[in-house]
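1. Structure, please.
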Amino acid sequence: MTNWRWWLCSLLFVATTVNYLDRQVLSLTYEEFIKPEFHWTDANYGTITSFFSIFYAICCLFAGKFVDWMGTKKGYLVAIGVWSTGACLHALCGWATTHIVGLDSVAAMRAVEVGSNVALAVSTTSVYLFLLCRGILALGEAGNFPAAIKVTAEYFPKKDRAFATSIFNAGASVGALAAPLLIPPLAVKFGWEMAFIIIGGLGYIWMFFWAFMYDKPEKSRRVNEAELAYIRQDDDAVILSASEESASEESASKEVTIPFLKCFKYKQTWSFIAGKFFTDGVWWFFLFWAPSYFSNQFHAPATSPLGQWLIFTLYLIVTVISIGGGYLPKLFVEKKGMHPYSGRMLAMLIFAFFPLAALLAQPLGVHFNSPWWPALLIGLAGAGHQAWSANLFSTTGDMFPKSTVATITGIGAMAGGIGSMIIQWVAGQLFTYAEAQGSAFRFLGFEGKPAGYFIMFCFCGLAYLIAWSIMKSLVPKYKPVEI
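-> Numbers count the residues shown, from 1 in each chain. Now for the predicted structure:
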């Protein structure tokens, strides 16, 4: 049996890695480069990250349908082409701001008096320019997960999908892992603008490989009959001849697609929506705010060796533990004889307890005056999220026909984006307010901005158990959608 499906899985892994690298450039250049240059506050940054989240959510609503309509190959190429272009365009924001405001140079912009009308004009103009670039980035990145999940539904039987998803989903962790080692040094040596261009350009290289490597399994010359039979084992059909393969293709082309609005009548859809809405924002909160947290709370900026190692260690824990998250339901199915959906839900319950570690991050970090406790505990919480996410994505393939998987994934990603928008906006406003109030703002023994961080960590820790409970109440046992 050939193993071409795993080569494609590795390509999905690389795409997801690039996806998260492009997201991380802003967070890793914010404190040391962009914030002082454009005179931003945390509220400005929170506005930009929340806008990215909501626009990403809106795009996800249509991205899945777009991928289903255009096809996996072309849809993925368009998605990564758009987001790579959006990533590179960030580099022009400084140049454009100086020309719009009427300043001679970036140095003059940086030297503007804090609190002056010119500083306000610089911050306002630059925020809108970054919003435009983040919008283009979000438009393209919205297609990544619907396309990747569709590929796993096409190339893997149900029992292997969570494991395959955990592998490519680990690209999110690896992207976040590589980011602190790549982006700050690039920004220091070549400027923050080149960091956006270099990282953004990686997507164009990926497009070349995808164009030549991907095809549907029944059409791919790299997939033999044995592998095709393994892929289709859930259909109880083994392809033995060219004529039978042709008949299968014709049957697949006639597969019924659930109309978009009709998707919302199913409890299975709302179960997936709940799982994404409550938990996606937690991951994005850690992704966008962890570098700023270590810089503000422990004076460990992303450009310092300590700051880089903290972020690296955090995502190393995420990467190592999360890959096993996709294997756990496979173990339940093959060793314990459980149904794939039941095994997946049990695994998700186990991983829903991991983020509770975030509740201890702020207390232990402050008590021991060490950033390593938060790095380790947030890493454990992040690992729980990635393992949870890999299994959550796979529930769509369990319950929906392949023709609708990308659409449902897009709807769920939209819900996750809305949840993330709320968290990012609240975080930015909360941190700015708490910092201004100082000791007058208190929460469970913490004052000022540290109190704000602890409030956010409390929500992050409890979100997954809330989400799992809602999902289980909506779909208590395996029930595939009947058209």
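
2. Could you use CA atoms for every contact and neighbour count after this?
-> OK.

3. what's the closest non-adjacent residue to residue 424?
-> The shortest distance from residue 424 to any non-neighbouring residue, by CA to CA, 6 or more residues apart in numbering, is to residue 50 (4.9 Å).

4. neighbours of the one you found, just the number please.
-> 28 (other CA atoms under 10 Å).

5. Please apply the same query to the one 3 residues further on.
-> Taking other CA under 10 Å as the neighbour definition, residue 53 ends up with a count of 30.

6. Might you report the residue contacts of the residue nearest to residue 424?
-> Residues near residue 50 by CA atoms under 8 Å, 6 or more residues apart in numbering: 420, 421, 422, 423, 424, 425.

7. Now do the buried residues in whichever strand or helix holds it.
-> Taking DSSP states H and E as the definition, one finds residue 50 inside helix 42-70. For helix 42-70, the buried set under the neighbour-count rule, 16 or more other CA atoms under 10 Å, comprises 42-68.

8. Give me the phi and psi for residue 446.
-> Main-chain torsions, residue 446, degrees, to the nearest 10: phi -110, psi 150.

9. before we move on, what about residue 479?
-> Phi and psi for residue 479, reported as degrees, to the nearest 10, are phi -150, psi 100.

10. residues contacting it?
-> Contacts of residue 479 (CA under 8 Å, 6+ apart): residue 399.

11. That one and residue 307, how far apart?
-> Shown here: residue 479 relative to residue 307, a distance of 47 Å by CA to CA, to the nearest Å.

12. As a check, name the ranges of all strands in the protein.
-> Secondary structure of the chain (DSSP state E): strands located at 442-443, 446-447.

13. Identify the residues contacting stretch 100-115?
-> 36, 37, 38, 39, 94, 95, 98, 118, 119, 121, 122, 125.

14. show me what contacts the fifth one?
-> What that stands for is residue 94. Taking CA under 8 Å, 6+ apart, one finds 106, 126 in contact with residue 94.

15. can you pull out the helices in the stretch 201-350 of the chain?
-> 225-231, 242-253, 267-298, 305-336, 340-352 (DSSP state H, counting those that start in this stretch).

16. Out of those, flag the one nearest residue 31.
-> helix 267-298 (6.4 Å; CA to CA).

17. any idea of the mean pLDDT for that closest one?
-> For helix 267-298, the mean per-residue pLDDT is 91.

18. same deal with stretch 316-328?
-> The predicted model assigns stretch 316-328 a mean pLDDT of 75.

19. low-confidence ranges in the stretch 151-300 of the chain?
-> Residues of the stretch 151-300 of the chain meeting the criterion pLDDT under 70: 236-256.

20. Not counting its neighbours along the chain, what's nearest residue 374?
-> Per CA to CA, 6+ apart, closest to residue 374 is residue 361, 4.3 Å.

21. tell me the contacts of the one you found?
-> 373, 374, 375, 377, 378, 457.

22. can you do 10 Å?
-> Counting by CA atoms under 10 Å, 6 or more residues apart in numbering, residue 361 makes contact with 371-378, 381, 453-454, 457-458.

23. Identify the farthest-apart pair in those residues.
-> Those two in the contacts of residue 361 that are separated most widely, counting by CA to CA, are 372 and 458, at 18.6 Å.

24. who has more neighbours, these two?
-> More crowded of residue 372 and residue 458, by other CA under 10 Å: residue 372, with 21 against 18.

25. quick one: the more buried one from residue 213, how far?
-> Taking CA to CA, one finds residue 372 at 42 Å from residue 213.

26. quick one: low-confidence parts of the stretch 351-483 of the chain?
-> Using pLDDT under 70, the flagged stretches of the stretch 351-483 of the chain are 483.

27. isn't residue 424 right up against residue 47?
-> Yes - applying CA atoms under 10 Å, one finds residue 424 in contact with residue 47, separated by 7.5 Å.

28. list residues touching both of those two?
-> residue 53.

29. among the contacts of residue 361, who's most crowded?
-> residue 378 (32 neighbours).

30. residues touching the closest residue to it other than its chain neighbours, list them.
-> The shortest distance from residue 378 to any residue other than its chain neighbours is 5.5 Å, reached at residue 358 (CA to CA, 6+ apart). Counting by CA under 10 Å, 6+ apart, residue 358 touches 374-382, 454, 456-462.
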